[in-house]
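In: below is the structure, and that's it, no one-letter string:
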Ligand SMILES: O=C(O)[C@H](O)CO
(Lines give C-alpha, C1' and ligand atoms only; values in the text may rest on other atoms or scores of the structure.)
Protein backbone atom coordinates (compact mmCIF):
# COMPACT_ATOMS: atom_id res chain seq x y z
CA UNK A 1 0.00 0.00 0.00
CA UNK A 2 1.37 3.46 -0.86
CA UNK A 3 1.89 5.84 1.99
CA UNK A 4 -0.52 8.75 2.08
CA UNK A 5 0.98 12.15 1.45
CA UNK A 6 0.46 15.08 3.83
CA UNK A 7 1.17 18.74 3.10
CA UNK A 8 2.04 20.82 6.15
CA UNK A 9 1.47 24.44 5.18
CA UNK A 10 3.50 26.16 7.94
CA UNK A 11 6.51 25.52 10.11
CA UNK A 12 5.92 22.95 12.86
CA UNK A 13 8.00 21.43 15.64
CA UNK A 14 10.28 18.54 14.48
CA UNK A 15 8.32 16.13 16.72
CA UNK A 16 5.25 16.70 14.54
CA UNK A 17 7.09 15.90 11.33
CA UNK A 18 8.62 12.82 12.99
CA UNK A 19 5.18 11.59 14.05
CA UNK A 20 3.66 12.04 10.59
CA UNK A 21 6.71 10.60 8.80
CA UNK A 22 6.19 7.27 10.56
CA UNK A 23 3.04 6.75 8.49
CA UNK A 24 3.03 9.30 5.67
CA UNK A 25 5.12 11.05 3.08
CA UNK A 26 5.32 14.58 4.42
CA UNK A 27 5.72 17.78 2.39
CA UNK A 28 6.73 20.35 5.00
CA UNK A 29 7.22 24.10 4.89
CA UNK A 30 9.86 24.78 7.50
CA UNK A 31 10.30 28.42 6.45
CA UNK A 32 8.82 31.17 8.61
CA UNK A 33 6.64 32.31 5.70
CA UNK A 34 3.19 31.55 4.35
CA UNK A 35 3.61 30.10 0.86
CA UNK A 36 1.74 31.66 -2.07
CA UNK A 37 -1.64 29.98 -2.54
CA UNK A 38 -0.59 28.64 -5.95
CA UNK A 39 2.39 26.92 -4.32
CA UNK A 40 0.23 25.32 -1.60
CA UNK A 41 -2.20 24.13 -4.28
CA UNK A 42 0.66 22.69 -6.35
CA UNK A 43 1.95 20.81 -3.30
CA UNK A 44 -1.51 19.56 -2.25
CA UNK A 45 -2.71 18.54 -5.73
CA UNK A 46 -2.19 14.83 -5.09
CA UNK A 47 -2.05 14.91 -1.25
CA UNK A 48 -4.42 12.99 1.00
CA UNK A 49 -3.93 15.18 4.05
CA UNK A 50 -3.46 18.89 4.72
CA UNK A 51 -2.20 20.23 8.05
CA UNK A 52 -3.52 23.78 7.87
CA UNK A 53 -3.11 26.99 9.87
CA UNK A 54 -4.71 30.39 10.40
CA UNK A 55 -3.38 31.93 7.14
CA UNK A 56 -4.85 29.08 5.05
CA UNK A 57 -8.15 29.28 3.28
CA UNK A 58 -9.87 26.18 2.00
CA UNK A 59 -12.90 26.62 -0.22
CA UNK A 60 -14.67 24.78 -3.03
CA UNK A 61 -12.02 25.78 -5.63
CA UNK A 62 -9.19 24.61 -3.37
CA UNK A 63 -10.86 21.23 -2.80
CA UNK A 64 -11.61 20.86 -6.52
CA UNK A 65 -7.91 21.35 -7.25
CA UNK A 66 -6.94 18.72 -4.65
CA UNK A 67 -9.28 15.81 -5.40
CA UNK A 68 -7.30 13.25 -3.37
CA UNK A 69 -7.71 15.10 -0.05
CA UNK A 70 -9.32 13.06 2.72
CA UNK A 71 -8.68 15.34 5.65
CA UNK A 72 -7.99 19.02 6.29
CA UNK A 73 -6.69 19.24 9.84
CA UNK A 74 -6.62 22.76 11.24
CA UNK A 75 -4.04 23.54 13.92
CA UNK A 76 -6.59 26.03 15.22
CA UNK A 77 -10.03 26.39 16.78
CA UNK A 78 -11.68 29.14 14.73
CA UNK A 79 -12.42 27.56 11.35
CA UNK A 80 -14.13 30.52 9.68
CA UNK A 81 -11.62 30.42 6.78
CA UNK A 82 -12.61 26.82 5.97
CA UNK A 83 -15.74 25.92 4.02
CA UNK A 84 -17.27 23.13 6.09
CA UNK A 85 -20.12 22.42 3.68
CA UNK A 86 -17.73 22.11 0.72
CA UNK A 87 -15.52 19.69 2.70
CA UNK A 88 -18.55 17.59 3.63
CA UNK A 89 -19.83 17.52 0.03
CA UNK A 90 -16.46 16.34 -1.20
CA UNK A 91 -16.06 13.66 1.46
CA UNK A 92 -13.25 15.50 3.25
CA UNK A 93 -12.98 15.54 7.04
CA UNK A 94 -12.40 18.97 8.58
CA UNK A 95 -10.88 18.83 12.03
CA UNK A 96 -9.91 21.44 14.61
CA UNK A 97 -8.15 21.56 17.97
CA UNK A 98 -10.86 22.93 20.24
CA UNK A 99 -9.38 23.23 23.72
CA UNK A 100 -5.65 23.84 23.69
CA UNK A 101 -5.85 27.53 22.79
CA UNK A 102 -8.09 28.39 25.74
CA UNK A 103 -5.56 29.22 28.45
CA UNK A 104 -2.91 30.96 26.30
CA UNK A 105 -5.58 33.09 24.64
CA UNK A 106 -7.17 34.07 27.97
CA UNK A 107 -3.72 34.94 29.32
CA UNK A 108 -3.00 37.14 26.31
CA UNK A 109 -6.37 38.87 26.74
CA UNK A 110 -5.28 39.89 30.25
CA UNK A 111 -1.99 41.12 28.76
CA UNK A 112 -3.84 43.28 26.21
CA UNK A 113 -6.05 44.66 28.96
CA UNK A 114 -3.05 45.76 31.01
CA UNK A 115 -1.16 46.96 27.95
CA UNK A 116 -4.07 49.17 26.92
CA UNK A 117 -5.12 50.49 30.29
CA UNK A 118 -1.58 51.23 31.56
CA UNK A 119 0.00 52.48 28.30
CA UNK A 120 2.66 49.78 28.41
CA UNK A 121 3.63 50.19 24.76
CA UNK A 122 4.14 53.95 25.08
CA UNK A 123 6.03 53.44 28.34
CA UNK A 124 8.34 50.90 26.71
CA UNK A 125 8.96 53.23 23.77
CA UNK A 126 9.76 56.10 26.10
CA UNK A 127 12.34 54.14 28.10
CA UNK A 128 14.06 53.01 24.88
CA UNK A 129 13.97 56.46 23.30
CA UNK A 130 16.94 57.80 25.22
CA UNK A 131 14.82 60.64 26.59
CA UNK A 132 13.87 58.88 29.82
CA UNK A 133 15.52 60.48 32.83
CA UNK A 134 13.41 59.14 35.67
CA UNK A 135 9.87 59.42 36.98
CA UNK A 136 7.65 62.15 35.60
CA UNK A 137 3.92 62.83 36.10
CA UNK A 138 2.90 61.14 32.81
CA UNK A 139 1.16 58.24 31.05
CA UNK A 140 -1.59 58.02 33.63
CA UNK A 141 -3.88 55.13 32.80
CA UNK A 142 -7.01 53.41 34.05
CA UNK A 143 -7.13 51.12 37.10
CA UNK A 144 -9.24 47.97 37.06
CA UNK A 145 -10.68 47.63 40.56
CA UNK A 146 -14.44 48.02 40.53
CA UNK A 147 -14.69 48.39 36.72
CA UNK A 148 -17.63 46.79 34.92
CA UNK A 149 -16.16 44.26 32.49
CA UNK A 150 -18.41 42.59 29.91
CA UNK A 151 -17.58 39.21 28.38
CA UNK A 152 -19.59 38.71 25.22
CA UNK A 153 -19.69 34.96 24.61
CA UNK A 154 -18.96 32.77 27.62
CA UNK A 155 -17.40 29.77 25.87
CA UNK A 156 -14.16 28.15 26.95
CA UNK A 157 -12.03 31.28 26.44
CA UNK A 158 -14.67 33.50 28.08
CA UNK A 159 -14.73 31.30 31.17
CA UNK A 160 -10.95 31.07 31.37
CA UNK A 161 -10.80 34.85 31.11
CA UNK A 162 -13.45 35.28 33.83
CA UNK A 163 -11.39 33.09 36.17
CA UNK A 164 -8.28 35.15 35.53
CA UNK A 165 -10.04 38.51 35.89
CA UNK A 166 -11.55 37.52 39.24
CA UNK A 167 -8.26 38.48 40.88
CA UNK A 168 -8.60 42.08 39.66
CA UNK A 169 -11.77 42.77 41.70
CA UNK A 170 -13.74 43.80 38.63
CA UNK A 171 -17.53 43.47 38.22
CA UNK A 172 -17.92 40.75 35.63
CA UNK A 173 -20.97 40.73 33.36
CA UNK A 174 -21.54 38.20 30.61
CA UNK A 175 -23.92 37.62 27.77
CA UNK A 176 -24.25 34.30 26.01
CA UNK A 177 -27.08 32.61 24.11
CA UNK A 178 -26.95 29.91 26.79
CA UNK A 179 -27.24 31.20 30.34
CA UNK A 180 -25.28 29.39 33.08
CA UNK A 181 -27.10 28.10 36.13
CA UNK A 182 -26.78 30.09 39.36
CA UNK A 183 -24.10 27.88 40.86
CA UNK A 184 -21.92 28.12 37.77
CA UNK A 185 -22.36 31.90 37.72
CA UNK A 186 -21.37 32.10 41.36
CA UNK A 187 -18.35 29.87 40.88
CA UNK A 188 -17.10 32.03 38.00
CA UNK A 189 -18.06 35.28 39.73
CA UNK A 190 -20.09 36.46 36.72
CA UNK A 191 -23.51 38.10 36.46
CA UNK A 192 -25.77 37.53 33.44
CA UNK A 193 -26.73 40.61 31.43
CA UNK A 194 -28.83 40.98 28.32
CA UNK A 195 -26.84 41.94 25.23
CA UNK A 196 -28.14 45.49 25.56
CA UNK A 197 -27.22 45.70 29.26
CA UNK A 198 -23.77 44.37 28.54
CA UNK A 199 -23.12 46.82 25.71
CA UNK A 200 -24.45 49.86 27.53
CA UNK A 201 -23.22 48.95 31.02
CA UNK A 202 -19.63 47.73 30.52
CA UNK A 203 -16.58 49.95 30.74
CA UNK A 204 -14.41 47.23 29.19
CA UNK A 205 -15.74 44.68 26.67
CA UNK A 206 -14.21 41.44 25.43
CA UNK A 207 -16.08 40.08 22.38
CA UNK A 208 -15.40 36.32 22.34
CA UNK A 209 -17.78 35.08 19.67
CA UNK A 210 -17.09 32.90 16.64
CA UNK A 211 -17.00 34.80 13.34
CA UNK A 212 -19.98 34.12 11.11
CA UNK A 213 -22.56 36.04 9.08
CA UNK A 214 -24.39 37.20 12.21
CA UNK A 215 -21.33 38.33 14.14
CA UNK A 216 -19.34 40.02 11.34
CA UNK A 217 -19.11 43.75 12.17
CA UNK A 218 -21.19 43.30 15.29
CA UNK A 219 -19.23 46.28 16.58
CA UNK A 220 -20.14 48.68 13.78
CA UNK A 221 -20.68 52.44 14.09
CA UNK A 222 -24.22 52.00 15.48
CA UNK A 223 -23.16 49.47 18.10
CA UNK A 224 -20.10 51.51 19.15
CA UNK A 225 -22.37 54.55 19.62
CA UNK A 226 -24.38 52.60 22.21
CA UNK A 227 -21.39 51.79 24.45
CA UNK A 228 -20.61 53.86 27.56
CA UNK A 229 -18.59 56.87 26.43
CA UNK A 230 -14.89 56.03 26.72
CA UNK A 231 -15.44 52.25 26.89
CA UNK A 232 -12.51 49.98 26.01
CA UNK A 233 -12.79 47.10 23.52
CA UNK A 234 -10.38 44.16 23.58
CA UNK A 235 -10.41 41.66 20.73
CA UNK A 236 -8.62 38.31 20.84
CA UNK A 237 -11.22 36.41 18.76
CA UNK A 238 -11.50 37.43 15.12
CA UNK A 239 -10.79 40.83 13.57
CA UNK A 240 -14.03 41.06 11.62
CA UNK A 241 -16.19 40.95 14.76
CA UNK A 242 -15.47 44.69 14.68
CA UNK A 243 -15.57 47.16 11.82
CA UNK A 244 -12.04 48.52 12.15
CA UNK A 245 -12.89 51.71 10.25
CA UNK A 246 -15.77 52.37 12.66
CA UNK A 247 -13.47 51.62 15.61
CA UNK A 248 -10.94 54.18 14.32
CA UNK A 249 -13.70 56.77 13.92
CA UNK A 250 -15.09 56.09 17.43
CA UNK A 251 -11.59 56.44 18.91
CA UNK A 252 -11.13 59.79 17.18
CA UNK A 253 -14.24 61.24 18.85
CA UNK A 254 -13.54 59.71 22.25
CA UNK A 255 -16.73 57.60 22.09
CA UNK A 256 -14.39 54.61 22.33
CA UNK A 257 -11.64 55.10 24.90
CA UNK A 258 -9.32 52.40 23.58
CA UNK A 259 -9.01 49.36 21.32
CA UNK A 260 -6.64 46.45 21.85
CA UNK A 261 -6.48 43.57 19.41
CA UNK A 262 -4.55 40.42 18.61
CA UNK A 263 -6.61 39.76 15.47
CA UNK A 264 -7.36 41.88 12.42
CA UNK A 265 -9.91 42.01 9.62
CA UNK A 266 -7.18 41.43 7.02
CA UNK A 267 -6.78 37.86 8.34
CA UNK A 268 -10.35 36.85 7.55
CA UNK A 269 -9.36 35.66 4.06
CA UNK A 270 -12.57 33.80 3.36
CA UNK A 271 -14.54 37.06 3.34
CA UNK A 272 -14.23 38.27 -0.26
CA UNK A 273 -14.21 41.96 0.74
CA UNK A 274 -11.79 41.69 3.66
CA UNK A 275 -9.41 44.66 3.85
CA UNK A 276 -5.76 44.25 2.82
CA UNK A 277 -4.35 46.25 5.72
CA UNK A 278 -5.09 47.50 9.21
CA UNK A 279 -6.58 51.00 8.79
CA UNK A 280 -3.69 53.51 9.03
CA UNK A 281 -5.80 55.66 11.40
CA UNK A 282 -5.88 52.77 13.89
CA UNK A 283 -2.13 52.22 13.66
CA UNK A 284 -1.46 55.94 14.09
CA UNK A 285 -3.53 56.23 17.29
CA UNK A 286 -0.78 54.96 19.57
CA UNK A 287 -2.28 56.58 22.67
CA UNK A 288 -5.56 54.62 22.45
CA UNK A 289 -4.58 51.30 20.91
CA UNK A 290 -2.44 48.29 21.78
CA UNK A 291 -1.79 45.51 19.25
CA UNK A 292 -0.14 42.11 19.04
CA UNK A 293 0.30 40.00 15.86
CA UNK A 294 -2.07 37.05 16.51
CA UNK A 295 -0.08 35.75 19.48
CA UNK A 296 -3.08 34.19 21.28
CA UNK A 297 -1.66 30.67 21.13
CA UNK A 298 2.00 31.64 20.77
CA UNK A 299 3.21 29.71 23.81
CA UNK A 300 5.83 27.14 22.83
CA UNK A 301 4.34 24.15 24.67
CA UNK A 302 0.80 25.05 23.58
CA UNK A 303 1.86 25.31 19.93
CA UNK A 304 3.55 21.90 20.07
CA UNK A 305 0.46 20.34 21.67
CA UNK A 306 -1.87 21.97 19.09
CA UNK A 307 0.27 20.76 16.16
CA UNK A 308 0.49 17.23 17.58
CA UNK A 309 -3.27 17.04 18.10
CA UNK A 310 -3.88 18.23 14.53
CA UNK A 311 -1.42 15.58 13.25
CA UNK A 312 -3.23 12.89 15.28
CA UNK A 313 -6.50 13.92 13.60
CA UNK A 314 -4.87 13.21 10.22
CA UNK A 315 -3.58 9.83 11.36
CA UNK A 316 -6.97 8.87 12.79
CA UNK A 317 -8.55 9.46 9.35
CA UNK A 318 -5.87 7.35 7.64
CA UNK A 319 -6.50 4.60 10.22
CA UNK A 320 -10.20 4.62 9.34
CA UNK A 321 -11.46 6.15 12.61
CA UNK A 322 -13.58 9.23 13.19
CA UNK A 323 -11.05 11.95 14.00
CA UNK A 324 -11.43 13.38 17.49
CA UNK A 325 -11.57 17.02 16.36
CA UNK A 326 -14.05 16.50 13.50
CA UNK A 327 -16.40 19.41 12.81
CA UNK A 328 -18.18 17.61 9.98
CA UNK A 329 -19.36 14.11 9.13
CA UNK A 330 -18.74 13.52 5.43
CA UNK A 331 -21.27 10.96 4.21
CA UNK A 332 -18.89 9.35 1.76
CA UNK A 333 -15.35 9.60 2.99
CA UNK A 334 -12.40 7.74 1.59
O1 LIG B 1 -8.55 29.90 16.14
C2 LIG B 1 -7.42 29.70 16.59
O3 LIG B 1 -7.05 28.57 16.96
C4 LIG B 1 -6.44 30.82 16.72
O5 LIG B 1 -6.93 32.01 16.22
C6 LIG B 1 -5.09 30.49 16.11
O7 LIG B 1 -5.14 30.32 14.76
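Out: That came in fine, so what should we check first? These figures come from a predicted structure and were not determined experimentally.
In: residue closest to the middle of this structure?
Out: For the chain, residue 237 is the residue whose C-alpha lies nearest the centre (CA atoms, centre = their mean; 4.0 Å).
In: pretty sure that one is touching residue 209, no?
Out: Yes: contact status for residue 237 versus residue 209: in contact at 6.3 Å, counting by CB atoms under 8 Å. C-beta here means a position set from N, CA and C on the backbone, and glycine is covered the same way.
In: do whichever strand or helix holds residue 103 and the ligand meet at all?
Out: Residue 103 is part of helix 102-117, with elements assigned from DSSP states H and E. No: between helix 102-117 and the ligand, judged by CB under 6 Å from any ligand atom, nothing touches; the nearest distance is 7.2 Å.
In: start to end distance for stretch 12-27?
Out: Terminal residues of stretch 12-27 are spaced 12 Å apart (CA to CA, to the nearest Å).
In: quick one on the thing from earlier: who are the packing partners of the helix holding residue 103?
Out: If you count contacts as 3 or more CB pairs under 8 Å, 6 or more residues apart in numbering; DSSP states H and E, helix 102-117 packs onto helix 156-165, strand 204-207, strand 231-235, strand 256-261, strand 289-291.
In: reformat these as JSON lines; add mean pLDDT and mean neighbour count.
Out: Compiled in JSON lines, the helices and strands packed on helix 102-117 are given as follows (pLDDT from 0 to 100; neighbours: other CB atoms under 10 Å):
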{"stretch": "helix 156-165", "mean pLDDT": "98", "mean neighbour count": "21"}
{"stretch": "strand 204-207", "mean pLDDT": "98", "mean neighbour count": "24"}
{"stretch": "strand 231-235", "mean pLDDT": "98", "mean neighbour count": "25"}
{"stretch": "strand 256-261", "mean pLDDT": "98", "mean neighbour count": "24"}
{"stretch": "strand 289-291", "mean pLDDT": "98", "mean neighbour count": "22"}
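In: want to throw these into CSV with distance to residue 50?
Out: CSV is the format used below for these (distance: least, CB to CB, whole Å):
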stretch, distance to residue 50
helix 156-165, 25
strand 204-207, 30
strand 231-235, 28
strand 256-261, 28
strand 289-291, 30
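In: contact partners for whichever residue of the stretch 151-300 of the chain sits closest to the ligand?
Out: Proximity of the stretch 151-300 of the chain to the ligand (CB to the nearest ligand atom) peaks at residue 297, 5.0 Å away. Residues near residue 297 by CB atoms under 8 Å, 6 or more residues apart in numbering: 76, 100-101, 104-105, 303, 306.
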